[in-house]
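>>> pasting the sequence and the predicted coordinates here, then a few questions.
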Amino acid sequence: MSTFTGTGALTRFVLRRDRVRLTVWVLALVGTVAATVPALDDMFATDAQRQARAAVMDTPTGIVFGGPGYGLDDYGLGPMVVNELTMSLLIALAVMSVLHVVRHTRAEEESGRAELLRAGVLGAGAQLTAALITVSIVNLVVGGLTALTLIGNGLEGADSVAYGLGLALAGISFGAVAAVCAQTVEHGRGAAGLAFLVVGVSFMARVVGDMAEEGGGALSWLSPFAWVQQTRVFHDLLWWPLALYPALIGVLFALTYALAKRRDLGAGLFAARPGPAGAGALLGNTFALHLHQQRGAILAWTVAVFLFTLAFGSLVSEVEGMLEENPDLVAFLGEAAADVTEGFLGVMSGYVLMAASAYAVVSVTRARAEETSGRAELLLSTAVGRVSWFGGALSVSVLSSALIVVVGGLGLGSSASLVLEDPSWTGTMVGASLAGLPAVLLFAAAAAVLTGVAPRLLPLVWAWLGYSLLVSMFGALVGLDDRLVNLSGFEMLPTLPTEEFEVLPVVLALVAVLVAGVFALAGFRHRDLSTA
Amino acid sequence: MSSPVIEVRGADKYFGRFQALDKLDLTVHKGQVAGFLGPNGAGKSTTIRILLGLLRADAGSVRLLGGDPWRDAVALHRRLAYVPGDVTLWPNLTGGQVIDLLGRLRGGIDPDRRKELLARFELDPTRKARTYSKGNRQKVALVAALASDAELLILDEPTSGLDPLMEAVFTECVLEAKSRGRTVLLSSHILSEVEKLCDTVTIIRGGRTVESGTLDELRHLTRSTVRATVEGDPRALESVEGVHDLRVDGDTVTFDVDDTHMNTVMGALVGLGIRGLVSNPPSLEELFMRHYGDEPAALDGDGSTAA
């Protein structure tokens, strides 16, 4: 029996098991491209409109979410697609690939299902290989369909293919990163977290590199996020940057198999150490237990958000520098130029809220995982009430979400204060983040209500979050109907500091959160517990 | 006798269209160790979860320690301790932390008893739960439950992962609890364990109670096995009422006899001239196999309750 015996069967099994999940991912991603490309063409119909849009993409915010800016000088449909869509697509592909690989490697080991399979006629490397094959297939399908969509919209064939291939290879690279992380960290959640950290750092490296130099600086070249756009598709096509992906993927795959060979099934690189023989004085109620269970995640998210916001906040120096160097940009922005710093920080603050919302949903859904695992059953057989248990879980989620929001504002504000030598930014940005907290809590509340009342529908909260993210990123771009835009959780409140604070929407959102909380607790009190 | 500690009357439970419990009855009196038997999927864990107020019965009445387990869950849970059949723990907590946590949430734990139980079950409380085997996870839940000194212990297949030595420790612990006047509901597949520990037995199948009563009562309802060596022709016994499965080997005859016809059969045997006689009461295993063997149709007829 070789290392790979059974890989084929397992590959088919993974595709069968995830047929719905993967189909949704592919349809959502390709659908976004298919909807956005013609919309871009309509929205920016004239040359003047296109060049105006190109000027926006040349601003610091544009660079963060656009890229190095190839093709801005002649902003046709091709360059528009590349500059407007690439980062969002890459981030989505990275999320999809990391979750997929961890789900079929470390999470399988953690659940014990891997043990059952490995006891059969299955090579030691088969599961890992099946995960890598399937993640490659899905990325190639997304890349291929994207290329076809672009060709279908009348774009050049070779450039379209290079672009689709670049997206797919970048996605596979992030899957390979996750595969390495899955070999080193004992828990699925931890492995995914570590992989996302790598994704975040490489995104940041590209941002800093692209900010430093037009067309991308040295730091950009260290990041898989950059190579797709370094092919300069629809501008001056270069194929060779794509060769960097197979090189990276090869190294990561080799590292993965080397690590996998060195360890036992289920083991991390470090053995579990003994712990205390009894519970400390603090571990005596459900709130403390929930906090204890989530403290690792809370700490990781808080630190990551703080470091990323510090880094993004410090980019305001580049913002100011660009305005000084670029009189055209000042002319284009007119009076808005004075608010560019504010606008930049406002957009960053919006991303803090998005990250915090994702965290909030993850945090609330952990209560559901506690329930289905049977651990809640054990606790609820003691003198702990349903409301106290679920309420404790929700309190931890709300407080930690608020912490992440505040820390994000603090990171942006404090580094802006330092760079601009104006301490007032700290207060402004913390305030701006806090003003957005009700939106974050709305997502937590939605997850709570579904957990309490209709736990089987819990995945819907992810659909709402995904929809809200898409609307925030592309809604204005594709001229989405206002009523559809307003369904996004992020569009329900004004964006500070660029917009004025309004009391009414905040109060309404908080009332909605409280009502949802009551329904969630009442629902959880009155339904059967789901048991293993 | 005072009102029962557990009294379930005609409980129904549906999961969607699947009926898990069908007019189930279960009664346990104070100070009893009650065995709760049934094949996989019979509804034992569902019944226990209803008793714990984790699930709500769709019909029937359920009383636990004089209260309503759904409405008064928290108050009742202070007076009971539960060991689930499939113990899942928090992977990053140690066994000792889990025992303390569960004890505190139940309203206190006796540190001396905890220490004694840890020693008896040979459990290392400093290991993280994720490194425990199934048996060790079960020990954590058992130590937490037994250290609580609750009035009622609800144990769902508590020994399925324990080795024979630990099973013996468990048996001792349950007998000690009984001697202190505690009530125990023990769901189990290990019939020798139930025979050793239980005062009463309830057997369920397909969500219905098919037998319940003391072991003696149950035995009385069923057949004993008789092996006899006789002088006459043992084939004559074939026509005697109450004799089943007659097997003849030379002058030795083996057959099952309904206990209600024992006297008649003995009379017939005496007529044949007995030279040797062994009579065995049915073991619980035989009782169980009779209900769960391959003759389910026979159940509804003679499966009524005896208690």
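That came through fine.
>>> in the stretch 251-400 of chain A, where is pLDDT below threshold?
Applying pLDDT under 70 to the stretch 251-400 of chain A picks out residues A:268-271, A:328-338.
>>> please, where are all the strands along it?
Per DSSP state E, counting those that start in this stretch, the stretch 251-400 of chain A carries no strands over any range.
>>> for it, what lies in contact range of chain B?
Applying C-beta under 8 Å from any C-beta of the partner chain, we find that the stretch 251-400 of chain A lies next to chain B at A:272-279, A:283-286, A:289, A:292-293, A:296, A:373-375, A:377-386. Every C-beta, even on glycine, is put in place using the N, C-alpha and C of the backbone.
>>> of all of the stretch 151-300 of chain B, which residue lies closest to chain A?
B:I154 (7.8 Å; C-beta to the nearest C-beta).
>>> for the strand or helix carrying that residue, packing partners?
Taking DSSP states H and E as the definition, B:I154 sits inside strand B:152-156. Strand B:152-156 sits against helix B:44-51, strand B:80-83, helix B:134-146, helix B:164-179, strand B:183-187, with contacts defined as 3 or more C-beta pairs under 8 Å, 6 or more residues apart in numbering or on different chains; DSSP states H and E.
>>> just put those in CSV and tack on mean neighbour count, distance to chain A and mean pLDDT.
CSV is the format used below for the helices and strands packed on strand B:152-156 (neighbours: other C-beta atoms under 10 Å in any protein chain shown; distance: least, C-beta to the nearest C-beta, whole Å; pLDDT from 0 to 100):
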stretch, mean neighbour count, distance to chain A, mean pLDDT
helix B:44-51, 25, 6, 95
strand B:80-83, 27, 4, 95
helix B:134-146, 24, 7, 95
helix B:164-179, 16, 17, 94
strand B:183-187, 24, 13, 96
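>>> a markdown table please, covering these and showing distance to A:V507.
Output for those, formatted as a markdown table (distance: least, C-beta to C-beta, whole Å):
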| stretch | distance to A:V507 |
| --- | --- |
| helix B:44-51 | 42 |
| strand B:80-83 | 44 |
| helix B:134-146 | 46 |
| helix B:164-179 | 56 |
| strand B:183-187 | 52 |
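>>> quick one: closest of the ones you listed to A:V352.
helix B:134-146 (40.3 Å; C-beta to C-beta).
>>> may I have the closest one as CSV, with CA atoms only?
Extracted in CSV, the C-alpha atoms of helix B:134-146 (Å, rounded to 0.1, in the frame of the first residue of the first chain):
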residue,chain,number,x,y,z
LYS,B,134,-13.5,7.2,26.3
GLY,B,135,-13.2,5.3,29.6
ASN,B,136,-11.3,8.2,31.3
ARG,B,137,-13.8,10.7,30.1
GLN,B,138,-16.5,8.5,31.6
LYS,B,139,-14.6,8.4,34.9
VAL,B,140,-14.5,12.2,34.9
ALA,B,141,-18.3,12.4,34.7
LEU,B,142,-18.6,9.6,37.2
VAL,B,143,-16.4,11.2,39.8
ALA,B,144,-18.2,14.5,39.3
ALA,B,145,-21.6,12.8,39.8
LEU,B,146,-20.6,10.5,42.7
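>>> run through who's touching it.
Helix B:134-146 is touched from outside by A:378, B:81-84, B:87-89, B:95, B:98-99, B:102-103, B:109, B:113-114, B:117-118, B:121, B:123, B:127, B:129, B:132, B:153, B:155, B:158-163, B:166, B:170, B:173, B:177, with contacts defined as C-beta atoms under 8 Å, 6 or more residues apart in numbering or on different chains.
>>> just the buried ones from those?
A:378, B:81-84, B:87-89, B:95, B:98-99, B:102-103, B:109, B:114, B:117-118, B:121, B:123, B:127, B:129, B:132, B:153, B:155, B:158-159, B:161-162, B:166, B:170, B:173, B:177 (16 or more other C-beta atoms under 10 Å in any protein chain shown).
>>> residue contacts, A:G171?
A:L90, A:L93, A:A94, A:M96, A:S97, A:V135, A:V138, A:N139, A:V142, A:G143.
>>> let's see 6 Å
With contact set as C-beta atoms under 6 Å, 6 or more residues apart in numbering or on different chains, A:G171 has these partners: A:L93, A:S97, A:N139.
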